[in-house]
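Novice: What follows is a predicted structure for the sequence shown.
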Amino acid sequence: MKFSSKIEKCGLSPMRKFAPYANEAAKKGKKLYHLNIGQPDIATPAAYFEAVKNFSQPVLAYAPSDGVPEMIDAVVNYYGKIDAPITNKQVLITTGGSEALQIALSCILDEGDEIIIPEPFYPNYSTFVTLTGATIRPITTTPEENYKFAIRERVEACINEHTRAILFTNPGNPTGTILTEEELRLMADIAKEHNLFIIGDEVYREFVYGGEKLMSLLQLEGYEDNVVVIDSVSKRFSACGARIGCVITRNSDLYNNAMKWCQGRLCASTIDQVASAALYTVGPEYFDAVRKEYKARRDTLVEGLKKIPGVIYSEPKGAFYVIVGIGSSKADYDGAETVIAYKLKPEIGYNLNEKWAIGVEFGWMGANKGGDKAFEINPYARYNFFETGILKLFVDGSLGYGHEYGGNNVDHDIFSIGLKPGMEIKLADHLSFETHVGFLGYQHDKYEGAKVNSFGLDLDGTNIIFGLCYEF
Ligand SMILES: Cc1ncc(COP(=O)(O)O)c(C=O)c1O
């Protein structure tokens with residue numbers, strides 16, 4: 001059977017690739033810490049579940065295509081409170097921020113078009129853009145520069161006659177970077193001057209840790225035709241399973257075009273919209289408490305990172321991820337070449353103590369029985385810090401440095417700098433870890449054609465997508 005060239009160009013989500021292995025481990029009763037997907041462990045506010053319980057309509061009917069009125073009102077009120085006035089006719093409720101992205105991108109992009117996105121970026125952007133037939137022109141950023149991308153020359157260098165839009169996540173996933181008001185304005189100015197859409201994915205807006213107020217693109221005046229905001233209840237209210245988000249624009253042509261899609265897909269879930277509207281009744285104390293918790297985890301993580309020589313990272317200012325550069329080239333590590341040919345199979349695994357298998361530690365491809373140099377060097381590793389889970393650093397400070405951890409060192413403690421301050425894990429705890437590493441939307445040519453083997457790891461020697469660690 002033939003498949004569309006567009007879908008053939010897409011890859012599977014790197015965040016989800018390990019799910020089957022994780023499920024397998026879970027079935028065996030292993031405790032898993034998912035460090036890979038953006039699923040907060042903070043309780044969803046009770047208001048959501050109350051609203052579900054109180055839902056008493058005799059027929060579970062379609063909602064209006066633009067959204068149930070109370071959900072639209074909730075969004076409008078929320079933006080009103082942050083000085084970003086919008087009307088009910090500027091909001092379309094969607095099945096998560098994911099659908100909001102798909103709608104916005106497919107209204108804007110055509111075959112052959114380009115969209116500018118700072119990299120590293122949320123990898124699903126790549127899928128959504130590819131499905132339109134357009135391509136991403138990345139602005140490459142580095143931790144040394146705190147992932148700064150709002151630099152006029154660099155942005156303008158990416159603009160050509162095919163460019164239609166600029167998209168960024170603010171606060172950034174996976175970089176944790178946030179834009180200042182000045183930077184936001186600069187990006188909006190560039191978009192306006194070049195007649196481009198500027199799409200702000202603001203799903204992490206509440207999670208900023210330095211006390212600063214994160215500005216929304218919708219707070220800027222004078223860019224009504226250009227600005228599109230993607231929003232969602234998933235992260236904000238720890239309600240990923242609700243699948244409710246929205247696309248917001250003051251550009252009425254875009255709104256009208258997006259409405260065609262919304263009518264085509266009929267509506268987002270009625271009951272989830274009603275319950276998600278109730279989430280917006282939580283007060284600022286909810287966000288204060290959640291921010292405090294994430295900040296404590298962020299700080300713990302950063303303290304841990306500071307102790308590791310050679311790692312490159314930028315303290316995340318927002319969202320709940322950190323991306324860490326190992327800061328080394330393959331050549332720095334004796335035997336690293338062997339990694340390229342290394343066959344990772346779950347049944348062989350990386351077996352410590354015959355019980356433990358360690359997938360990826362911070363961009364290192366695990367520890368191996370008997371001291372092989374079974375690690376990989378990865379430019380960047382992303383971890384979230386919202387899990388009660390952990391990042392594992394070995395107590396000798398060498399960061400999971402492969403060969404010390406097999407063989408005779410099976411009793412090594414694993415020191416967790418993770419996400420709950422003070423948490424400490426030992427091998428004997430029989431824990432399993434699913435880890436997620438790097439390759440978040442880097443678009444460098446060198447990654448093209450990178451292979452993913454059955455274990456879901458990219459073994460081309462330049463990056464790793466995922467690691468999984470569990471007890472066999
Ligand atoms: C940057 C970014 N945008 C959008 C989404 C989509 O979220 P949802 O569809 O759950 O609203 C995510 C999820 O991780 C994300 O990280």
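Specialist: Noted; the coordinates are in hand. Computed from a prediction, not measured in an experiment: that's the story for all the values here.

Novice: can you pull the contacts of the residue in the stretch 1-150 of the chain that the ligand sits nearest to?
Specialist: Nearest residue of the stretch 1-150 of the chain to the ligand, counting by C-beta to the nearest ligand atom: Gly96, 2.7 Å away. Using the backbone N, CA and C atoms, a C-beta is placed for each residue, glycine as well. Neighbouring residues of Gly96 by C-beta atoms under 8 Å, 6 or more residues apart in numbering: 232, 234, 243-245.

Novice: again with Val129
Specialist: Shown in contact with Val129 (C-beta under 8 Å, 6+ apart): 105, 109, 115, 117, 135-136.

Novice: Which members of these are positioned in strands?
Specialist: Among the contacts of Val129, the residues falling in strands (DSSP state E) are 115, 117, 135-136.

Novice: re the thing from before, could you check the pLDDT of the residue of the stretch 1-150 of the chain closest to the ligand?
Specialist: Gly96 carries a pLDDT value of 98.

Novice: just Val311 next, same as before
Specialist: Looking at Val311, its pLDDT stands at 58.

Novice: related to what we said a few turns ago, buried ones among the contacts of Val129?
Specialist: Neighbour-count burial (16 or more other C-beta atoms under 10 Å) applied to the contacts of Val129 gives 105, 109, 115, 117, 135-136.

Novice: Same list, those, but only the ones touching the ligand.
Specialist: Residues of the buried ones among the contacts of Val129 in contact with the ligand (C-beta under 6 Å from any ligand atom): none.

Novice: Is it possible to get those out as CSV so that each row also shows pLDDT?
Specialist: As requested, these are exported to CSV (pLDDT from 0 to 100):
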residue, pLDDT
Leu105, 98
Leu109, 98
Ile115, 97
Ile117, 93
Thr135, 91
Ile136, 89
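
Novice: returning to what we had before: among the contacts of Gly96, find the lowest-pLDDT one for me.
Specialist: Ser234 (95).

Novice: Need the three-state assignment for that one.
Specialist: coil (DSSP: H, G, I helix; E, B strand; the rest coil).

Novice: returning to that earlier point: and of the ones in strands among the contacts of Val129, the nearest to Asn226?
Specialist: Using C-beta to C-beta, Ile115 is the member of the ones in strands among the contacts of Val129 that sits closest to Asn226, with 13.5 Å.

Novice: Pretty sure the closest one sits against Ala165.
Specialist: Yes: using C-beta atoms under 8 Å, Ile115 is in contact with Ala165, at 4.7 Å.

Novice: any residues in contact with both of these two?
Specialist: Common contact partners of Ile115 and Ala165 (C-beta under 8 Å, 6+ apart): 105, 108-109.

Novice: ok, Thr95 - contacts?
Specialist: Residues in contact with Thr95, defined by C-beta under 8 Å, 6+ apart, are 243-245, 265, 268-269.

Novice: Now it. Its backbone dihedrals?
Specialist: Main-chain dihedrals, Thr95, degrees, to the nearest 10: phi -80, psi 80.

Novice: what bridges to it?
Specialist: Ile244 (DSSP bridges).

Novice: Kindly list the longest helix within the protein.
Specialist: Criterion DSSP state H: the longest helix present in the chain is helix 284-306.

Novice: Remind me what it packs against, helices and strands.
Specialist: For helix 284-306, the packing partners by 3 or more C-beta pairs under 8 Å, 6 or more residues apart in numbering; DSSP states H and E come out as strand 321-325.

Novice: any chance you could map the helices in the chain?
Specialist: Taking DSSP H to define them, one finds helices in the chain at 5-9, 19-27, 46-54, 69-81, 96-108, 124-132, 152-157, 181-193, 252-264, 270-279, 284-306, 336-341.

Novice: For Glu221, find the nearest of those helices.
Specialist: Across the helices of the chain, Glu221 has its closest neighbour in helix 181-193 (9.9 Å, C-beta to C-beta).

Novice: Run through the residues that contact Arg243.
Specialist: If a contact means C-beta under 8 Å, 6+ apart, then Arg243 has 95-96, 234, 268-269, 272 as its contacts.

Novice: Likewise for Cys10?
Specialist: By C-beta under 8 Å, 6+ apart, Cys10 lies in contact with 126-127, 130-131.

Novice: neighbours around the closest residue to Thr270 other than its chain neighbours, how many?
Specialist: Distance criterion C-beta to C-beta, 6 or more residues apart in numbering; nearest residue to Thr270, sequence neighbours excluded, is Ala63 at 4.3 Å. By other C-beta atoms under 10 Å, 20 other residues sit near Ala63.
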